[in-house]
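Peer 1: below is the structure, and that's it, no one-letter string:
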């Protein structure tokens, strides 16, 4: 879907301008950021699969999935549910078969129930997994970086960095090297972009606030508040004219969604969004709001 739109919801792959970290420097930087060993994987889905494999779940077990927005089917990526289903069942609440808890930080916004879910897991000896696919540079209200609270965590690198593929599995021992071409490519790309993660996070916040001010001028608003310290993966527009807005955006060459009715629309706000892109986004949103 993304390939047909000049402006995508995630940044397009590009080469970093600055020097890359050496291979040993990459692992040291990741460990310094997340306080634990990290495995670079082929994708975020692969990172989740590696974590679930490590946990040795049984087919009759359940993984309790909890999201920032408390939504169920519309907010949980099929990539997540399909991956979990290869190992065991998934549920939207606790039960007698709960064997792990998967906390999703929707659109980069920390799940507010993370502390209580950590206490729940600790009291029962259950592993807590953070799905921080969209939250590489986000911190919560007390300054904890997402991916450092749970026993394990996963990231999808192309959702934050302008790279083609790659993921991170936090809490699994790093490998000396990988023969997988996808992993090798991800490691090379990440080594080039990781030193600029703070710059990227600041650019995303700036674009989110610029877009927020613009859509408020046409009488609309975000469906999610942007807490301090959060680097958003997208702008979640609340609108009663969801499908008219989506149609207008796609006609303007802008990737968006979702295709199911939620009363919301995805707007790109990543670091590659230019002022002229912002104008096209706002024009399409404004036209749909007034039609």
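Peer 2: That came through fine. Owing to the predicted nature of the structure, the values given are computational and were not obtained by experimental measurement.

Peer 1: domain assignment for this structure?
Peer 2: Here the domain parsing of the chain from automatic domain parsing is 2-10+198-290, 23-196.

Peer 1: now those in CSV, with mean pLDDT and mean neighbour count?
Peer 2: C-betas here are computed from N, CA, C, even on glycine. Formatted as CSV, the domains of the chain follow (pLDDT from 0 to 100; neighbours: other C-beta atoms under 10 Å):
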stretch, mean pLDDT, mean neighbour count
domain 2-10+198-290, 94, 18
domain 23-196, 93, 19
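
Peer 1: can you tell which of these is closest to residue 17?
Peer 2: domain 23-196 (8.2 Å; C-beta to C-beta).

Peer 1: could you dump the domains of the chain to TSV with distance to residue 17?
Peer 2: TSV is the format used below for these (distance: least, C-beta to C-beta, whole Å):
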stretch	distance to residue 17
domain 2-10+198-290	10
domain 23-196	8
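
Peer 1: can you say which of the ones you listed is nearest to residue 16?
Peer 2: Here domain 23-196 is closest among the domains of the chain (C-beta to C-beta), at 3.6 Å.

Peer 1: how about the strands in the stretch 101-250 of the chain?
Peer 2: 128-131, 152-156, 167-170, 221-222, 235-238 (DSSP state E, counting those that start in this stretch).

Peer 1: can you lay out those strands as CSV showing distance to residue 98?
Peer 2: Below are the strands of the stretch 101-250 of the chain laid out as CSV (distance: least, C-beta to C-beta, whole Å):
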stretch, distance to residue 98
strand 128-131, 11
strand 152-156, 16
strand 167-170, 21
strand 221-222, 33
strand 235-238, 29
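
Peer 1: in the stretch 151-291 of the chain, which spans are helices?
Peer 2: Remark: helices assigned in the stretch 151-291 of the chain by DSSP state H, counting those that start in this stretch are 181-193, 197-216, 242-251, 275-290.
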